[in-house]
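**Q** Build me a model from this:
(chains A, B, C and D)
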Protein chains: 2
Amino acid sequence: MTIKLTSKDDEKRAKIFKALSEVKRIEMIRYLVRHPEHKTCGEVGESLGMDKSNVSYHLKILYEADLIHIYRRGQNKYGQLREDTFNAFLPGFLDSL
Amino acid sequence: MTIKLTSKDDEKRAKIFKALSEVKRIEMIRYLVRHPEHKTCGEVGESLGMDKSNVSYHLKILYEADLIHIYRRGQNKYGQLREDTFNAFLPGFLDSL
DNA sequence: TCTGTAATTTGAAAGTTTTACAACTATCCG
DNA sequence: CGGATAGTTGTAAAACTTTCAAATTACAGA
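**A** Below is the predicted model of the structure:
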């Protein structure tokens, strides 16, 4: 079932687009698509050459747009794509990466 | 035929997402979807309550992301959606508005 | 509890985007 | 030509985003 969007969702749409309006964040999403074993923040940062506080910053923006889910296991935090959001707002996007 | 995108297109994707990361610009796109008779800048601005220089500013951002086409006829300039770009980068988006 | 590793927060600096106004250019028509 | 209408450009202020380093919190394991 596909969710019907309306102009009421413009704020949400804008937030999602803003979250994806930086190359670095698109790369982070791509990294998560390609590594579905749920990568840690550290791995994401290392593989994209970002410093850790910057990774935190960008992940938070993706999280606040509901594009990813973050959960802790032990010392690590793992990022997980929220396919529900991508499917509702950007169908086909993840496959295009 | 659908165009195949790659990580080389990240700059372009980011630019498109940035262009759509403001509610005002999403509203402008919606206005153009709903009024396919090619509305003038003035009509867009008036209907969204924006001043004319601000309309110019936002239309330029949409234009530079290849989301719209702009042509002059007489005193007026008309905005026209670039469905090719929407289809390549955001399939389904226009229909969701 | 102490130590080390993982991630977040904070705050300052640098950079970018948005707004608004006034001055400007382009076109039309009498 | 001159006046009217449509849109653009310059510029400055305000608002927002990004980066980076240092301080801080969270957790695991000895």
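**Q** Near chain B, which residues of chain A are found?
**A** Counting by C-beta under 8 Å from any C-beta of the partner chain, chain A comes close to chain B at A:5, A:7, A:10-11, A:13-15, A:17-18, A:20-23, A:26-27, A:30, A:89-93, A:96-97. In this view, the C-beta of every residue, glycine as well, is placed from N, C-alpha and C.
**Q** let's see it at 7 Å
**A** Where chain A comes near chain B, counting by C-beta under 7 Å from any C-beta of the partner chain, the residues are A:5, A:7, A:10-11, A:13-14, A:17-18, A:20-23, A:26-27, A:30, A:91-92, A:96.
**Q** Of those, which belong to helices?
**A** Among those, the members falling in helices are A:10-11, A:13-14, A:17-18, A:23, A:26-27, A:30, A:96 (criterion: DSSP state H).
**Q** If I look at A:Leu5, what pLDDT would I see?
**A** Model confidence at A:Leu5, given as pLDDT, is 73.
**Q** Leaving out chain neighbours, which residue sits closest to it?
**A** Nearest residue to A:Leu5 in three dimensions, chain neighbours excluded: B:Ser96, at 4.8 Å (C-beta to C-beta, 6 or more residues apart in numbering or on different chains).
**Q** Could you count how many residues lie near the nearest residue to A:Pro91 once chain neighbours are set aside?
**A** Closest residue to A:Pro91 apart from its sequence neighbours, by C-beta to C-beta, 6+ apart: B:Gly92 at 5.0 Å. Neighbourhood size, B:Gly92 [other C-beta atoms under 10 Å in any protein chain shown]: 14.
**Q** Kindly report the same for A:Leu94.
**A** A:Leu94 sits with 15 neighbouring residues when counted by other C-beta under 10 Å.
**Q** Tell me the buried residues in the helix or strand containing it?
**A** For A:Leu94, the host element (DSSP states H and E) is helix A:93-96. For helix A:93-96, a neighbour-count test (16 or more other C-beta atoms under 10 Å in any protein chain shown) marks A:93, A:96 as buried.
**Q** and the nearest residue to A:Phe93 once chain neighbours are set aside, how far is that from DNA strand D?
**A** Excluding its sequence neighbours, the residue lying closest to A:Phe93 (C-beta to C-beta, 6+ apart) is A:Phe86, at 5.7 Å. Distance, A:Phe86 to DNA strand D, using C-beta to the nearest atom of the strand, to the nearest Å: 19 Å.
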